[in-house]
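> what follows is a predicted protein model with its sequence.
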Amino acid sequence: MSTAIIPLISTIVSLIFAITVLDQWVARRKPYQLVWAIGLFLYFIGTGTEFWMEGWGLNAGIYRLWYLSGAILVAAYLGMGTIYLLMRQRTAHIIMAILGVVTIYAVFAALTADIDAVALSAMPPLTGEAMPGSVRIMTPFLNSFGTLALVGGAVYSAWIFWRRRILPHRVVSNILIAVGAILPAAGGTSMRLGNPQLFYIFELLGIIIIFLGFLRSSEVFGLYRFPLIHGFKRVSTD
């Protein structure tokens, strides 16, 4: 049960993060906030299945849910949120429509696929070996798309703010997001090599660092600053 502690913490952090972003969407109705919230809830589901697996064992149902949320969709939706933030809305809508169709297919394929019971019992924890190739083929494309969009968008934004010498907190924020996004992707290698504990650590560090980057932006962290002398001062979030 001790191995379940790290994915449990990741589950709690990602749920708090998802609720925070969803609250921002309720207040401001920006499409990127809604898509990011979906991605973070997928992160929550993925780490939750890892916690379940470590605590109570792996079965076909948990494996399907983990593969769908954690292996196929989470990176794509986090990256899609960044596309909504940086691209024209019309272009983002087109890409989102394609992702929506792929998501429908992925849900159907993952939940109805014939799981290889022998591979499921013999494989290292949480790899794609038990899934048929028709499902696994989606994973590298969606993960590459999502990771490149999230990391590339964060690096690009950091560079823009640095070059213009404006909003220095945004430079730090985007660098943190880029670093945090890379960690779970890098940790996936350790999982494939049969070392889930290291993957869980990378996964936890990734979501914490992304969350810190998100909170580092003052307009996300809150509507108020706290000057030492003048008390509360309302600041614009636009």
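Yes, it's here.
> C-alpha only now, for contacts and for neighbours.
Will do.
> work out for me the element Glu54 sits within.
helix 31-56 (DSSP states H and E).
> ok now that helix, how far from the chain's centre?
8 Å (C-alpha atoms, centre = their mean, to the nearest Å).
> would you mark the buried spots in the helix or strand that comes right after it?
Next along the chain after helix 31-56, taking DSSP H and E as the criterion, comes helix 60-66. Buried residues in helix 60-66, defined by neighbour count with 16 or more other C-alpha atoms under 10 Å: 60, 62-66.
> and which of those residues is nearest Ile6?
Trp66 (16.1 Å; C-alpha to C-alpha).
> pretty sure the closest one is touching Met53, no?
No: here Trp66 lies out of contact with Met53, judged by C-alpha atoms under 8 Å, at a distance of 9.6 Å.
> can I get the buried residues of helix 60-66 in JSON lines including distance to Asp23 and pLDDT?
Below are the buried residues of helix 60-66 laid out as JSON lines (distance: C-alpha to C-alpha, whole Å; pLDDT from 0 to 100):
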{"residue": "Ala60", "distance to Asp23": "34", "pLDDT": "91"}
{"residue": "Ile62", "distance to Asp23": "29", "pLDDT": "93"}
{"residue": "Tyr63", "distance to Asp23": "30", "pLDDT": "94"}
{"residue": "Arg64", "distance to Asp23": "29", "pLDDT": "95"}
{"residue": "Leu65", "distance to Asp23": "25", "pLDDT": "96"}
{"residue": "Trp66", "distance to Asp23": "25", "pLDDT": "95"}
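> helices of this protein, start to end?
5-28, 31-56, 60-66, 74-86, 89-112, 117-122, 133-136, 138-164, 168-192, 196-216, 218-221 (DSSP state H).
> just those helices: most buried one?
helix 74-86 (a mean of 25; mean count of other C-alpha atoms under 10 Å).
> check which helices and strands it sits against.
In this structure, helix 74-86 makes packing contacts with helix 31-56, helix 89-112, helix 138-164, judged by 3 or more C-alpha pairs under 8 Å, 6 or more residues apart in numbering; DSSP states H and E.
> adding mean pLDDT, write the ones you listed out as a markdown table.
Below are the helices and strands packed on helix 74-86 laid out as a markdown table (pLDDT from 0 to 100):
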| stretch | mean pLDDT |
| --- | --- |
| helix 31-56 | 95 |
| helix 89-112 | 97 |
| helix 138-164 | 93 |
